[in-house]
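In: I'll drop the sequence and a predicted model, then ask my questions.
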Amino acid sequence: MDAVWTLFNIHIDPITRVAGAALLSGVLTQHLSPRQPEICSDLLSWLLLPVLLRAARRQDAIRFPRTSSPPLSNPKILIPQTPSPASLWVVALGIAAFCIFKIENGAVEFFPALTPLLLLAQKYLGLEHRTSARPDAPILFPLMNTVWGTALAAFFAIVSLAGWDTLSGWGRREYALSTIPVVALLPVYLTLTPRSEKSSRFLPSFDIEDASRPLSLRVVFVLGSALGLQIGLFGAPSISLATIPLSLAKAFSWYFVIQTARQSSWLPVTAIGTFSIMSTLDPFMQSSGAQALLHVVASLFSLGQLIHMLPKQAKAKSVIWSCCFVFLAPYLANIIAIRVAQSSSLYSLEHPVQILIRDAKVKFDDLLQRQSKTYTAAHDEYRRRYGIEPPPGFEAWYEFAKSHQSPIIDEFDMIYDGVSPFWRLSGKEVLKTISHARSDQNSELWLCTFSGHTAKAYCNHPWRTYDRNVPLLFNTLLGDLRGVFPDIKFLVNHLDEPRVMIPPASLREPHSDDQFNITNLSRQCVWDTLTRFCPSRQGRRDVETRHKVEPVTLPFIANSMLAKDLCQHPEYSAMHGFLISPTSFRLIEGLVPVLTTGSPSTMSDILYPSPAYLESEFQYVNANDVEWDRKRNNLYWAGSTTGGFAADGQWRNHHRQRFVELAQNLVRRPHYYLREKGGVVGRVRSWFLNTRLFDVAFTRIFQCELKYCRDQRAYFNHKPWADKDRAFQSRFVFDLDGNGISGRYYKLLASRSVPLKQTLLREWHDERLVPWVHYIPVSQSMEELPELMLYLASTEIGQALARGIAEQGRNWFSKAFREVDLAVYTYRLLLELARLQDPKRPAGQVDAE
């Protein structure tokens, strides 16, 4: 190494060299650290450290000769040659605790607090740390040399590291956990700091280099015990080739840190650690430009602190400023990449999104124009669509809908498609099937009776008491319609996931009361089960075929019903948590009419409005919303890892995890954007994703085996529980399936933000919501999402289009999603159910006559 400095005629003293090496090795360690729990590299590094120290001892003796005066130039300072067991165990346990906590929790937000705390402790113990007599930056001197100044700098670093929103959202538990690294390392640094005989009475200090072997054995013992516990709880850890270079990087990091501390004090070590953490935060993964800039400033502060904390006899300390390239290079590259992406976005030609919006508006206008204006027209339209007479009470339903200005009169195919398969049963058989299914202890079905006389619903379950507000929904929507209906019985699904599949044979063979099966398929792959009847579905009235014109650029959704069709998309088998490993899925195969809030295309649940849409948690409050111009120009989502149960490594393919992984840019992968070349629009490949356009995080990780919850906590950048209306601060709000439908969807539609919706589940409202008019659909692959957000958020035309969709969706919600609009649908649904279970109705016929 000396030859290198001599070659370039650079005269740098050993102290500056080891400090710079400690910085770079710490940065390298951060870059090599994987986003998964990994303890083996720490264990190996502490096995290597004594060997490294022993091998370098002779060279170190020449390069860093020991003088007769102690490192701190204080004759009262003592460095015992034989460390006490208590001191060794305190240091070993502190180091091991820090390593284990960082592995298991990853939260090191309070690490910068070590600097002022250690400075305060040293002053309290009457110690001196050797710093520059003449500060390199006089203006910033207090931030580097005083307790209050370093505390202020530490607070700034903590805020920039964690984010103010995160800190303000933490509870006592989060704050307590985040202090563990500080509590673990502070005694380590204090124990290793040479002190006077009086202050070393209870816990003598020692030279870590001289005691490296006994200390290493203790650290390895504790880490090995933790590894054994980890194997018992989570199974054997995965060890890859990357573990070896990471172990070496950690060993060298400790080696250079020890050498730096020997020649100065342990105070610069805290600045080295802070710099290693701050400077390696990737700006290409930051959702906020301001926070990325704060990371740069905090890195500069920590670098300045280190330079000032080095002894005054250190030469050429300014060379350490060259380490700025560690954080400045990626920061500037990120800024340039953002500007290039914005400037090269498609402008001159019409964007596919513009075409989709224009076509959707025509479709929506046609939908409104063709609604029946009179009862006779509604009656004739019913007969035209379904080839049968409307149910008894249809005229009263029409008058109810018209009197409440329902904008939708004819678009209720969802009800017909749900009820019509059960016409094969007689009314009596329907009632027997309902009773028989309800009596099955594994059914997880509520049996509800709607009293026509009182207009009240009464529900009971074999063993549950919480009814998930099912009776409340019917009582709220239909409570004023006394004497309108006969008494009606129906089954309601208790679970989030859908329930019913009707095998083709059930529509052909003679029916019996017990002709259905209930199978528990929870936490199993259900793709083959849900798609095995796809060949028999060809030719059905509700089955659409692919458009003749396929998208040649990116998979923008032109037909939302087709996009949800499992039979048309075999690639969905590994894209959605419900299809990979549903949390609770008790499949009913047979002719059992069950009401469910959401269902995929191949299932036969009867759809009804979710009671969640009436719950206070999901109500839109106008006072909590802000105007479009005051909203942040990004896409917001925060939520939990529902949607599937993580029983193995397939959790990476669950739809919510795939979305958060994409938005947080956790995996560097190629993305596709639209560009014009030679008058033709085509897609180009780029490794860049503008994360400034995404504010996305998990706030809760659960529904997983212990091992895979642990893996996800290590993998994702997560936030504390967010305010339920936090989404309204952003112009774009994302919504996607959980275990079932998303209860927050309506409040997003009602807001001044524009919803981006990804779903595989059909809901009762699908016929009245038009994609690209009221919301923006997103495909399961999300391949178009980077281009979609770049266009809508970064171009003038795109922003105007997005604002228009937000306003149209909000306006339509106020007209077509009022409580009375849900009542109009539920009213018509109960008329069909009443006809279906009429005891006088024969099997295979619609009417009782």
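Out: Good, I have the coordinates. Numbering: from 1, shown residues only.

In: Helices of the stretch 301-450 of the chain, start to end?
Out: Here the stretch 301-450 of the chain has its helices, by DSSP state H, counting those that start in this stretch, at 325-343, 352-369, 375-386, 394-403, 413-419, 427-439.

In: which stretch among those comes nearest Leu822?
Out: helix 394-403 (12.1 Å; CB to CB). All C-beta atoms are positioned from the backbone trio N, CA, C, and that covers glycine.

In: Could you pull up the mean pLDDT of the closest one?
Out: Averaging pLDDT along helix 394-403 gives 98.

In: quick check: angle from it to helix 375-386?
Out: If you take axes from the mean of the first three to the mean of the last three CA atoms, to 10 degrees, helix 394-403 sits at 110 degrees to helix 375-386.

In: For helix 394-403, list every residue counted as buried.
Out: For helix 394-403, a neighbour-count test (16 or more other CB atoms under 10 Å) marks Phe394, Trp397, Tyr398, Phe400, Ala401, Lys402 as buried.

In: likewise stretch 646-653?
Out: Ala646, Ala647, Gln650, Trp651, Asn653.

In: Distance to Glu807 and pLDDT for these - can I get that in JSON lines?
Out: Output for the buried residues of stretch 646-653, formatted as JSON lines (distance: CB to CB, whole Å; pLDDT from 0 to 100):
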{"residue": "Ala646", "distance to Glu807": "39", "pLDDT": "98"}
{"residue": "Ala647", "distance to Glu807": "44", "pLDDT": "95"}
{"residue": "Gln650", "distance to Glu807": "40", "pLDDT": "96"}
{"residue": "Trp651", "distance to Glu807": "38", "pLDDT": "97"}
{"residue": "Asn653", "distance to Glu807": "36", "pLDDT": "98"}
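
In: Now the two most distant members of those.
Out: Farthest pair in these, by CB to CB: Ala647 and Asn653, 12.5 Å.

In: between those two, what contacts are shared?
Out: Common neighbours of Ala647 and Asn653 (criterion: CB atoms under 8 Å, 6 or more residues apart in numbering): none identified.

In: Make JSON lines from the helices of the stretch 301-450 of the chain and add distance to Ala107 to it.
Out: Shown next, in JSON lines, are the helices of the stretch 301-450 of the chain (distance: least, CB to CB, whole Å):
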{"stretch": "helix 325-343", "distance to Ala107": "21"}
{"stretch": "helix 352-369", "distance to Ala107": "40"}
{"stretch": "helix 375-386", "distance to Ala107": "58"}
{"stretch": "helix 394-403", "distance to Ala107": "55"}
{"stretch": "helix 413-419", "distance to Ala107": "47"}
{"stretch": "helix 427-439", "distance to Ala107": "48"}
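
In: Quick one: closest of those helices to Pro786.
Out: helix 325-343 (9.3 Å).

In: Name the residues that touch the closest one?
Out: By CB under 8 Å, 6+ apart, helix 325-343 touches 23-24, 27, 278-280, 282-284, 292-293, 295-296, 299, 673, 686, 688, 690, 692, 790, 794.

In: Among those, which ones are in helices?
Out: Under the assignment DSSP state H, the contacts of helix 325-343 contribute Leu23, Leu24, Val27, Met278, Ser279, Ala292, Leu293, His295, Val296, Ser299, Leu790, Ser794 to helices.

In: Buried subset of these as a PyMOL selection?
Out: A single PyMOL command is used to select the members of those judged buried by 16+ other CB under 10 Å:
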select buried, resi 23+24+27+278+279+292+295+296+299+790+794
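
In: Could you check how far the closest residue to Leu281 other than its chain neighbours is from Thr179?
Out: Nearest residue to Leu281, sequence neighbours excluded (CB to CB, 6 or more residues apart in numbering): His295, at 4.9 Å. Note on His295: its distance to Thr179, by CB to CB, to the nearest Å, is 22 Å.

In: Same question for Glu807.
Out: From Glu807 to Thr179 the distance is 47 Å (CB to CB).

In: Then Tyr375?
Out: Applying CB to CB to Tyr375 and Thr179 gives a distance of 70 Å.

In: Next: Leu332.
Out: 34 Å.

In: for the strand or helix carrying Arg828, what is the average pLDDT?
Out: Taking DSSP states H and E as the definition, Arg828 sits inside helix 819-836. Mean per-residue pLDDT for helix 819-836: 98.

In: ditto for stretch 83-90
Out: 91.

In: and the longest strand anywhere in the chain, what does it pack onto?
Out: As assigned by DSSP state E, the longest strand anywhere in the chain is strand 632-640. Here strand 632-640 touches helix 655-663, strand 694-700, strand 730-736, helix 785-794, going by 3 or more CB pairs under 8 Å, 6 or more residues apart in numbering; DSSP states H and E.

In: Pairing partners for it, with directions?
Out: strand 694-700 (parallel), strand 730-736 (parallel) (DSSP bridges).

In: contact partners of the helix or strand that comes right after the last one?
Out: In other words, strand 730-736. Proceeding N to C from strand 730-736, the next assigned helix or strand is helix 745-750, under DSSP H and E. Under the contact criterion CB under 8 Å, 6+ apart, helix 745-750 has outside partners 613, 618-620, 727, 733, 735, 755, 757, 774-775, 809-810, 812-814, 817.

In: Please flag which of those sit within strands.
Out: In this view, the contacts of helix 745-750 that belong to strands under DSSP E are Val733, Asp735, Pro755, Lys757.

In: and which of the residues you listed is nearest to Glu767?
Out: Lys757 (15.2 Å).

In: Model confidence score at the closest one, please.
Out: pLDDT, Lys757: 98.

In: What distance do you get for it to Ala558?
Out: 15 Å.

In: Of the two, which one has the most company?
Out: Lys757 (22 against 19; other CB atoms under 10 Å).

In: So what sits opposite the more buried one in the bridge?
Out: Under DSSP bridges, the beta-bridge partners of Lys757 are Asp735, Pro777.

In: residues touching it, list them.
Out: Asp735, Leu736, Tyr745, Pro771, Tyr775, Ile776, Pro777, Val778.
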